[in-house]
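Colleague: what follows is a predicted structure for the sequence shown.
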Amino acid sequence: MTVNETIRYFSIGEFTIDQKTGVISTAQLLDREVTPFYIFAVQTLNQDPLNPRFNTTTVMIHIADQNDNTPVFSASQFAVNVSEEVTPGVSVLNVSKVQY
């Protein structure tokens, strides 16, 4: 590979770029509730000292939501009185959780 064929990638922040392949990887844990998406510029530069060339592109990464919150019931206890003569299949209580 000649000097002119060597290409380097540049970026900063929560992501890294493999200098040989250009593969973008996370550099730290991501939290969608804090930052739902990232937009950053990536620049590539050849290593030819006589004819340097570069190009820049914009990368946008959306962070997929994952439920990382512990589920919580709408009450700490549920109690109900049910007659011993209740017909099978009759609803006796609706237990619900709080949405996040």
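Modeller: Thanks, I have it. Numbers count the residues shown, from 1 in each chain.
Colleague: helix or strand right after the helix or strand of the chain with the lowest mean pLDDT?
Modeller: Least confident element among the helices and strands of the chain, by mean pLDDT, DSSP states H and E: strand 7-10 (a mean of 67). Downstream of strand 7-10, the next assigned helix or strand under DSSP states H and E is strand 15-17.
Colleague: neighbouring strands of that next one in the sheet, and parallel or not?
Modeller: Paired strands of strand 15-17, with direction, are strand 24-26 (antiparallel) (DSSP bridges).
Colleague: in the strand it pairs with, which residues are buried?
Modeller: Across strand 24-26, burial judged by 16 or more other CB atoms under 10 Å covers Ile24. C-betas here are computed from N, CA, C, even on glycine.
Colleague: next one: stretch 41-60
Modeller: Per 16+ other CB under 10 Å, stretch 41-60 contains these buried residues: 42, 46.
Colleague: so where do the strands sit in the protein?
Modeller: 7-10, 15-17, 24-26, 37-46, 54-62, 72-73, 97-98 (DSSP state E).
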